[in-house]
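>>> whatever this is, show me its structure:
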Amino acid sequence: MQYFHRQVQLWGEETQTLLQTKKIAIIGSGGLGSSLAFSLGASGIGEIHMVDFDEVSLHNIHRQIAFKVGDEGKNKAVLNAELIEQRCPFVKAVAHECNFEEFANENIEIDLIIDATDNLPTRAEINAYAKSKNLPWVYGSVEAFHGQVCFIEESSFTDAFKIINKTPAGIAAPIVMHIASLQANLALRYLAGLSVKKDYLYYLFFNEEGELITQKFGLPKS
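The predicted structure follows:
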């Protein structure tokens, strides 16, 4: 409890102990996944599964905070799992060097899925799997200076988004960490038993004058 002292001040020892019983899967261990590993990996969640088939490349490092120069060629999920346990020995981190479909076939029991991918087809797969298991999941995406976040429970991602293959545009590193932070807060509130606004899409962007704009949209129930 000393390690989690400031969180215990926030919600008490009972809730902190509850977190130790929770298991989550973070799908993708790159930009969003790295930031999620940092924030949630030190929160006291009992078990975190990091999923990614990809290896670190030099052009990843500026926005993927778990990695440093010299990590090129190493698996992203493995590095994130190692980082989590180095920073917080009270959390079990498991690396899965595979894509989401292969992870889903393992049928691991979890309480929440967090999307840290970079493409719509994989998010559609996450949505279908979550529906089949009656699991909630947290969607997040980033591009350029804008991003989106949603805690999905009763709505369906494939009903709200057109599923296409699209190459992402450039990305500024701070927006990646910002969106991951919002995802992590939604996840942590849910796992701790606090209220969460569900099936509500938050869209954040900077306009031409540099003002941060936040828009909110209710998603249709599936």
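
>>> and the next helix or strand past the longest helix seen in the chain?
Longest helix in the chain, counting residues (DSSP state H): helix 173-191. Next helix or strand after helix 173-191 toward the C-terminus (DSSP states H and E): strand 200-206.

>>> what packs against that next one?
Packing partners of strand 200-206 (3 or more C-beta pairs under 8 Å, 6 or more residues apart in numbering; DSSP states H and E): strand 146-152, helix 173-191, strand 212-218. The way it works is simple: take the backbone N, C-alpha and C, and place the C-beta from them, glycine included.

>>> quick one: least confident helix or strand in this protein?
helix 157-160 (a mean of 86; mean pLDDT, DSSP states H and E).

>>> CA atoms only: put it into CSV for me.
Once non-C-alpha atoms are left out, helix 157-160 reads as follows in CSV (Å, rounded to 0.1, in the frame of the first residue of the first chain):
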residue,chain,number,x,y,z
PHE,A,157,-18.1,0.2,-33.2
THR,A,158,-19.0,-1.3,-36.6
ASP,A,159,-22.4,0.4,-36.5
ALA,A,160,-20.8,3.8,-35.8
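
>>> and the contacts of it?
R123, A124, I126, N127, A128, Y139, L201, L219, P220, S222 (C-beta atoms under 8 Å, 6 or more residues apart in numbering).

>>> and the longest helix of the chain, how far out from the chain's middle?
7 Å (C-alpha atoms, centre = their mean, to the nearest Å).

>>> and that helix, what's buried?
175-188, 190-191 (16 or more other C-beta atoms under 10 Å).

>>> alpha carbons of that helix, in PDB - could you do that?
Presented in PDB, the C-alpha positions along helix 173-191 are these (Å, rounded to 0.1, in the frame of the first residue of the first chain):
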ATOM      1  CA  ALA A 173       3.700  12.700 -30.000                       C
ATOM      2  CA  PRO A 174       1.800  14.800 -27.300                       C
ATOM      3  CA  ILE A 175      -1.600  13.900 -28.700                       C
ATOM      4  CA  VAL A 176      -0.800  10.200 -28.500                       C
ATOM      5  CA  MET A 177       0.000  10.600 -24.700                       C
ATOM      6  CA  HIS A 178      -3.100  12.800 -24.200                       C
ATOM      7  CA  ILE A 179      -5.500  10.300 -25.800                       C
ATOM      8  CA  ALA A 180      -3.900   7.300 -24.000                       C
ATOM      9  CA  SER A 181      -4.200   9.300 -20.700                       C
ATOM     10  CA  LEU A 182      -8.000   9.700 -21.300                       C
ATOM     11  CA  GLN A 183      -8.300   6.000 -22.100                       C
ATOM     12  CA  ALA A 184      -6.400   5.100 -19.000                       C
ATOM     13  CA  ASN A 185      -8.600   7.300 -16.800                       C
ATOM     14  CA  LEU A 186     -11.800   5.700 -18.200                       C
ATOM     15  CA  ALA A 187     -10.300   2.200 -17.700                       C
ATOM     16  CA  LEU A 188      -9.100   2.900 -14.200                       C
ATOM     17  CA  ARG A 189     -12.500   4.500 -13.100                       C
ATOM     18  CA  TYR A 190     -14.300   1.400 -14.500                       C
ATOM     19  CA  LEU A 191     -12.000  -1.100 -12.800                       C
END
